[in-house]
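# pasting the sequence and the predicted coordinates here, then a few questions.
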Amino acid sequence: MSDALTSSLAAALQEARKARGLSVSALAEGAGVSRAMIGKVERGDAQPTAVLLARLAHALGMTLSELVARAEDDGGRLARAADQPVWTDPASGYRRRTVSPPGGRPLELVEIELPAGARVAFAADAYPVVHQQVWVLDGRLRLHEGDEVHELDVGDCLQLGPPVARAYVNPGVRPCRYLVALTRR
């Protein structure tokens, strides 16, 4: 993550927490993470993982996309490719690019690149009020949705079901690139 994005993400997280009248302790309890970790993220001292950001966003009543979009919000309707925020999960190498302009609600488009052999898992509560579809652009994606496993190839599009624990796995030897389209239910 760039230093500028780290700083703006830290500010967006702190702003969202304060706007909801939450203390660091209350957010920590709601997200199931330590107060110290939230402090590090809000100061820009720690690069959060995708799972941590999703937990924090959920505890704030937001999606991960909304939190990242707030960090990059310039109010415009055009998001040029060169200006779209890109964030890389330090734990998995999962790379997330917010394609939609920040003002593009209620639809959000997010491009994900999952390295070969990588796996990223999210708890069911990361998807509370979101309708999602996943469209594979390159490579192969194995998506675990609770006990159900979907094997997706280039061009396949899956509408995700009710909130359950999910894991995104790249079983291939090259990166997998997919687009996530999401709206609030």
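Perfect, thanks for sending it.

# and the nearest residue to M62 once chain neighbours are set aside, how many neighbours?
Counting by Cβ to Cβ, 6 or more residues apart in numbering, A16 is the residue found nearest to M62 once chain neighbours are left out, at 6.6 Å. Where you see a C-beta, it was placed from the backbone N, CA and C, and this is true even at glycine. A count of nearby residues for A16, using other Cβ atoms under 10 Å, gives 21.

# helix or strand right after the strand or helix carrying A16?
Using DSSP states H and E, the element containing A16 is helix 3-19. For helix 3-19, the succeeding helix or strand toward the C-terminus, using DSSP H and E, is helix 24-31.

# where does pLDDT dip in this structure?
1-3, 72-76, 103-105, 127-129, 185 (pLDDT under 70).

# picking up where we left off before, now the angle between helix 24-31 and the helix holding A16, please.
Put simply, helix 3-19 runs at 100 degrees to helix 24-31, going by axes from the mean of the first three to the mean of the last three Cα atoms, to 10 degrees.

# flag every buried residue along helix 3-19.
5-6, 8-10, 12-14, 16-17 (16 or more other Cβ atoms under 10 Å).

# what of stretch 92-105?
92-102, 104.

# can you check stretch 161-178 too?
163, 166, 168-170, 172, 175-178.

# now that stretch, how far from the chain's geometric center?
13 Å (Cα atoms, centre = their mean, to the nearest Å).

# ditto for stretch 102-116
Distance, centroid of stretch 102-116 to centroid of chain: 8 Å (Cα atoms, centre = their mean).

# determine how far the last residue of it lies from the first.
Stretch 102-116 stretches 30 Å from its first residue to its last (Cα to Cα, to the nearest Å).

# thinking again about what came up before, could the buried residues of stretch 161-178 be laid out in TSV, adding secondary structure and distance to G155?
Listed next are the buried residues of stretch 161-178 as TSV, based on DSSP: H, G, I helix; E, B strand; the rest coil; distance: Cβ to Cβ, whole Å:
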residue	secondary structure	distance to G155
P163	coil	26
R166	strand	21
Y168	strand	17
V169	strand	19
N170	coil	16
G172	coil	15
P175	coil	17
C176	strand	13
R177	strand	12
Y178	strand	11
